[in-house]
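K.L.:
What shape does this take:
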Amino acid sequence: MELKKLPDQELISQFLGGNQQAIEVLISRHKDKVYTYIFLLVKEPVIAEDIFQDTFVKIVNSLVSGRYKDDGKFVSWTIRIAHNLTIDHFRKMKKSNEIQGNSFESFVLNSKKYSADNVEEEIIREQIRNDIRNLVDELPAEQKEVILLRHYGGLSFKEIAEQTGVSINTSLGRMRYALINLRKMIEEKNLSLTFS
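P.N.:
Residues are numbered from 1 along each chain as shown. A predicted model of the protein is given here:
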């Protein structure tokens, strides 16, 4: 059977059984989501790439050592590892007093679904993405975290609650306030986030 068609759990089993290609398919399947999540937190392509690689090294080591318990939540487990490694990065940065600048300009979303669009539409689309990312950056840390985990990490509110150590209601409340704050900022800045 073609590896790309196998579910995550079967790919893990194949990898643990000695099939190295299975882990490559698994990483390839989830790389965009994981990298984007990391990048939106660190905003530096080189650092995001380092954390991304560390994430999958840790995943492979955890799989080989039997620390992963197959509960059908491979993606949320992966995002949690990426999140923790990103937090570790910020702690190290704080200790060494390094300050990293914004470089969203260097971040390009490679998406085939936009390839047929004309240049003007893509420029507008990219501006909208930049505006949204900048607005999310202005949110309080807890609200920003729930937006990133939900919309860029693809986690459910239950998974967000588990990862952040709060109740589901608190996660939902943070999302609600984040959306209210985003709407206010959009109105205050008179932004147009649609095609006109």
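K.L.:
Remind me which helix or strand the nearest residue to residue 131 once chain neighbours are set aside belongs to.
P.N.:
Once flanking residues are discounted, residue 131 sits nearest to residue 191: 5.5 Å by CB to CB, 6 or more residues apart in numbering. Heads up, the C-betas are built off the backbone N, CA and C, glycines and all. Per DSSP states H and E: residue 191 is located in neither a helix nor a strand.
K.L.:
And for residue 47?
P.N.:
Here residue 47 is assigned to helix 45-64, by DSSP H and E.
K.L.:
Which strands or helices does that helix pack on?
P.N.:
With contacts taken as 3 or more CB pairs under 8 Å, 6 or more residues apart in numbering; DSSP states H and E, helix 45-64 sits against helix 8-16, helix 20-42, helix 74-96.
K.L.:
Which of the ones you listed sits closest to residue 67?
P.N.:
Comparing the helices and strands packed on helix 45-64 against residue 67 with CB to CB, the closest turns out to be helix 74-96 (10.3 Å).
K.L.:
coming back round to it: any chance you could list what contacts the helix holding residue 47?
P.N.:
Helix 45-64 has contacts (CB atoms under 8 Å, 6 or more residues apart in numbering) with 12, 15-16, 23, 27, 31, 34-35, 38-39, 42, 68, 78, 81-82, 85-86, 89, 100, 103, 106-107.
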